[in-house]
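Novice: A predicted structure for the sequence below; I have some questions about it.
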Amino acid sequence: MKTPALQLTGLHHVSALSAHIGRTHDFFTRVLGMRPVIKTVNQDEPTMYHLFFGDGVGSPGSDMTVFDMPRAAPERPGNNSISLTTFRVSGEPTFAYWAESPVPEEHQIRGLGYTVVTVPTHQPTQHFLTEGLGLRHDHTYPVADAPHYLVHVYTIGDGGAHAEVHVVVRDDLPRARYGAGGVHHVALRVPDAQHIEDWAARLSALGYMNSGVVERFYFTSVYVREPNHVLFELATDGPGFEVDGPLDGERLKLPPFLEPRRAEIEAKLKPLGAPPSV
């Protein structure tokens, strides 16, 4: 079991892929009413936009992030994938406002809700979530359109809609095909940055291959793929997106190691509304 210091507290962010980054930007800002937090690039492939949407300051647990992949084929839903992302609002009466847009501020999205993963077998994922990450198995409920299959609910930290992973177990589905419109990974919150190295060591000791500690400047991460091939990230709450200046969602932000390449990177990035190159 985990030591008391190694405690996750909820969802940190969810990262998806888009073949039409301009349309995606419009959807999150104009339809869902989310704030553009930062415009940056994929640190491993800096010709690719990486956009963050959330509550305006990028509070952990509020962010939906999107990678720009204009040539990516569409995702094919199925097993071994993050199959659903949900968002939190203030209450059920709020849903009445979503028939039209814009939604009044008091009824807008408050942050991420639970994340759903779909896997063909339960036990390997259960062991990873409980023994590896310290989540608790809380309850089960039937799949809505296939009630003989179950969804297992795991809670993070103190629980709540912002701190749940729902695991759908379906042995009848094909494996998902990774692509545009799909989710790349889900990140869970590590509140104390000094313990991120301990998490990497813990996962390694349990036999879960992982990235080791990866410095993302705005937060520090460890990436690990559980036995059913779903990618999880553990990410620290800080230092946060204002570490290098105020947020406006428009100016391209780059981590220090990419800043010397700013002119080169900006020259290769298309405006958000531009069509993809053939």
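Specialist: Yep, that arrived. Predicted model only: the values in this text are computed from it and were never measured. Numbering: from 1, shown residues only.
Novice: show me the contacts for Q108.
Specialist: The neighbourhood of Q108, defined by C-beta atoms under 8 Å, 6 or more residues apart in numbering, consists of G33, M34, V89. For glycine as for every other residue, the C-beta is placed from the backbone atoms N, C-alpha and C.
Novice: Secondary structure class of the residue nearest to P124 when sequence neighbours are not counted, three-state.
Specialist: Among residues not flanking P124 along the chain, P227 sits closest, at 3.6 Å (C-beta to C-beta, 6 or more residues apart in numbering). Following DSSP: H, G, I helix; E, B strand; the rest coil, the label given to P227 is coil.
Novice: can the contacts of Q108 go into a markdown table with extra columns for distance to P77?
Specialist: Below are these laid out as a markdown table (distance: C-beta to C-beta, whole Å):
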| residue | distance to P77 |
| --- | --- |
| G33 | 26 |
| M34 | 23 |
| V89 | 25 |
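Novice: Phi, psi for the residue nearest to P124 please.
Specialist: Torsion angles at P227 (phi, psi; degrees, to the nearest 10) stand at phi -60, psi -20.
Novice: Could you do F28 as well?
Specialist: Torsion angles, degrees, to the nearest 10, at F28: phi -70, psi -30.
Novice: Tell me who's in contact with the closest residue to it other than its chain neighbours.
Specialist: Nearest non-adjacent residue to F28, counting by C-beta to C-beta, 6+ apart: F53, 4.3 Å away. Neighbouring residues of F53 by C-beta under 8 Å, 6+ apart: F28, T29, L32, M34, R35, P36, V37, D63, M64, T65, V66.
Novice: and F53, helix, strand or coil?
Specialist: Assignment for F53 (three-state DSSP): strand.
Novice: Give me the distance between it and L188.
Specialist: 19 Å (C-beta to C-beta, to the nearest Å).
Novice: Q108 too?
Specialist: Per C-beta to C-beta, Q108 is found 24 Å from L188.
Novice: Centre of the chain to the strand or helix carrying S15, how far?
Specialist: Here S15 sits within strand 11-18, counting by DSSP states H and E. The chain centroid and the centroid of strand 11-18 are separated by 3 Å under C-alpha atoms, centre = their mean, to the nearest Å.
Novice: Repeat that for stretch 31-38.
Specialist: That offset, for stretch 31-38, works out to 15 Å (C-alpha atoms, centre = their mean).
Novice: Buried residues, it. List them.
Specialist: G33, M34, R35, P36, V37, I38 (16 or more other C-beta atoms under 10 Å).
Novice: out of the residues you listed, who's nearest G134?
Specialist: For the buried residues of stretch 31-38, the closest approach to G134 (C-beta to C-beta) belongs to V37, at 28.2 Å.
Novice: Would you agree that closest one is in contact with G58?
Specialist: Yes. Assessed by C-beta atoms under 8 Å, V37 is found in contact with G58 at 4.2 Å.
Novice: what about G113, distance to Y141?
Specialist: For G113 relative to Y141 (C-beta to C-beta), the value is 15 Å.
Novice: ok, the two, which is more surrounded?
Specialist: Neighbour count, other C-beta atoms under 10 Å: between G113 and Y141, G113 has more, with 21 against 11.
Novice: and the gap between the more buried one and Y178?
Specialist: In terms of C-beta to C-beta, G113 sits 23 Å off from Y178.
Novice: same thing with K253?
Specialist: 27 Å.
Novice: Report how many residues lie close to the residue nearest to P124.
Specialist: 17.
Novice: can you check M69 too?
Specialist: So M69, with other C-beta under 10 Å, has 21 neighbours.
Novice: How about F241?
Specialist: 23.
Novice: and it, which of the three is it?
Specialist: Assignment for F241 (three-state DSSP): coil.
Novice: and it, what is it in contact with?
Specialist: When contacts are counted by C-beta under 8 Å, 6+ apart, F241 touches V37, I38, F52, V57, G58, Y218, L247, K253.
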